[in-house]
Each structure stands twice: as C-alpha cells, then as structure tokens.
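> please find the sequence and the predicted model below.
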Amino acid sequence: MSDACAVAHGTATDEPGEHRVLVAVFASPVAEFLVRYGEDLGYTTVLFDPPGDLPALCEHTDVVATDHHRADLGTALRDVLAHPVRWIGVLGNPRHEGPHIRLLTELGVPADEIARVHRPVGLNIGSRTPAEIAIATLAGLIADRNGRPGGFEFQLA
C-alpha cells in the first residue's frame, strides 16, 4: 500500500521514534479542547496551570499559552523558554501586540528568546469558539511540524 493510501485508510504512522508532546498552559476552555483533540492526533498532552511544577519539556514539545491575560504569563513563558521545546505560542488577537513581549522584557529575557514565542497561533479560519480555536491551533501546529505552508500567516482584513 502506498503512503497516500495508508493515510487515506488511517493506517499511516508517525516517523519511528517520534514522540509528540503538547503542553496547554493555563486551564481554559480552549485548553480543554487542545488536550482532548491533541490526544486524538497522537500527542501526549499535558495541562500546566501555574503555580506548580513545569512538566518535563523536550525538543518534541509544542507549548500553547491559552490565556494572554494571566498575570503569570511572563513567568510561565520564561520558564518554558529555558527548555529546548520545538514550538511556543500564545493565543491572542493579531491586531494587538502580545502582552508577553513586555512581560518577558521586564523579566530580563533576551529579545532573541522572546522571538521564539509565536503569536498569533493557528490557521486563520475565523475561529470564534474554544473548539474552533483549538482546531485551528492544532492544524497550524501540524502544518508547521510537517513543513507545510498552512502555518501561522495572517492577512488582516
């Protein structure tokens, strides 16, 4: 069976040895859907709601901060940035500068590290509900992981 057929029939597998981890930061409705849908997509999912111990992070980890209004956003992201995670993003309106930039700068995080944090996240499908935001976010992560152009580019209308 060809690779394309294996995908169509649901028998395709990830690359050998690939272990994918998704960390949803902050308990929120979007985080609930990220964790639920992420498991269906083959991620080991973790909800990290500070304060508390940061879960183990590695180069196969994608991290999504699901609440950009939390006072502890800066410290949570600073702690994540100390690890070699694959991808970090913060939900939020792309029309406004993310509050994480100011918060991380105030914590002394270098600009090149702050630049590792993506915003906006997900595919621009006009998401409005927590479930839609989670789907758009996961689709963007899959596109990015697979080197596809679906990615995180937004054209503001």
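That came through, no problem. Not measured: the values here are computed from a predicted model. Residues are numbered from 1 along each chain as shown.

> pretty sure residue 85 contacts residue 55?
No. Counting by C-beta atoms under 8 Å, residue 85 does not reach residue 55; the two are 10.9 Å apart. Using the backbone N, CA and C atoms, a C-beta is placed for each residue, glycine as well.

> element containing residue 24?
Assessed by DSSP states H and E, residue 24 sits inside strand 20-25.

> tilt between the next helix or strand after that strand and strand 20-25?
Sequence-wise, the next helix or strand downstream of strand 20-25 (DSSP H and E) is helix 29-40. Going by axes from the mean of the first three to the mean of the last three C-alpha atoms, to 10 degrees, helix 29-40 is angled at 170 degrees with respect to strand 20-25.

> residue 116 against residue 88, yeah?
Yes. Between residue 116 and residue 88 there is a contact under C-beta under 8 Å: 5.7 Å.

> which one of these two has more residues nearby?
For the pair residue 116 and residue 88, the greater number of neighbours falls to residue 88 (24 against 14), based on other C-beta atoms under 10 Å.

> give the buried residues for the helix or strand residue 143 falls within.
Here residue 143, judged by DSSP H and E, is contained in helix 130-145. Of all the residues in helix 130-145, those buried under the rule 16 or more other C-beta atoms under 10 Å are 130-131, 133-144.

> beta-bridge partners for the residue most central in space within the chain, please?
By C-alpha atoms, centre = their mean, the mean C-alpha position of the chain lies nearest to residue 64, the distance being 3.3 Å. Here residue 64 sits in beta bridges with residue 24, residue 89, going by DSSP bridges.

> check contacts around it.
Counting by C-beta atoms under 8 Å, 6 or more residues apart in numbering, residue 64 makes contact with 22-25, 31, 34, 88-91, 121, 137, 141.
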